[in-house]
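**Student:** test case, fold it:
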Amino acid sequence: MNGQGTLDWLRTHRTKIGVAAVSLLLVFYLVVTFDRARILLLDPEPIAKAIGAAYLVLPVVGAWALVRELAFGASLEKLGRELDAEGGLPEDSLPRTPGGRIVRAAADADFGRYSAEAEAAPEDWRVWYRLGLAYDAAGDRRQARAAMRRAVALHRSA
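**Tutor:** Here you go, the predicted model:
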């Protein structure tokens, strides 16, 4: 792979690289936390044992959250590929700021169309996926995740 090919590959996969880096850091943190919990549990002091037991909760919750988020991301990627293969992904034609962010007013104006689609076909995962993209473009990440979760659930039940 030549230098330009490497740069193109990195640009194409930068989100996955970022996710992998953060995941590795979290795994490292969880391993260290688990080790500290083990050390505290071996201490003869009851307070140290109690803190060690409490420390065990962190790696368990962290590992659960990591697996859940990675599975959610993988599901979204699968749905995105499927929708793209069907030609159902919306065209990325919204205007952007010089910094590359979507112009909020344009995203808000475009949002109504996707909201109406979801109201018209509430059992179609495709409209919920597009609605999630519209929420994300409008800057509402919480609602975007909720719409995407609904799309995943509808896809699984279909």
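
**Student:** now do stretch 136-150: distance to the chain's middle.
**Tutor:** Its chain's average C-alpha position is 10 Å from that of stretch 136-150, according to Cα atoms, centre = their mean, to the nearest Å.

**Student:** tell me the mean pLDDT for it?
**Tutor:** Across stretch 136-150, pLDDT averages out at 93.

**Student:** can you give me the buried ones in it?
**Tutor:** Residues of stretch 136-150 classed as buried under the neighbour-count rule (16 or more other Cβ atoms under 10 Å) are Asp136, Ala137, Ala138, Asp140, Ala144, Ala147, Met148, Arg150. Where C-beta positions appear, they are placed from N, C-alpha and C, glycine not excepted.

**Student:** what helix or strand is the closest residue to the third one other than its chain neighbours located in?
**Tutor:** To tie it back to what came earlier, the one meant is Ala138. The spatial neighbour of Ala138 that comes closest, neighbours along the chain excluded (Cβ to Cβ, 6 or more residues apart in numbering), is Ala107 at 4.4 Å. Using DSSP states H and E, Ala107 falls within helix 104-120.

**Student:** kindly list the longest helix within the protein.
**Tutor:** With secondary structure taken from DSSP state H, the chain has its longest helix at helix 46-86.

**Student:** tell me what that helix is packed against?
**Tutor:** helix 14-42, helix 125-137, helix 141-157 (3 or more Cβ pairs under 8 Å, 6 or more residues apart in numbering; DSSP states H and E).

**Student:** got the domain ranges for the chain?
**Tutor:** The record assigns the chain these domain ranges, following automatic domain parsing: 3-72, 104-157.
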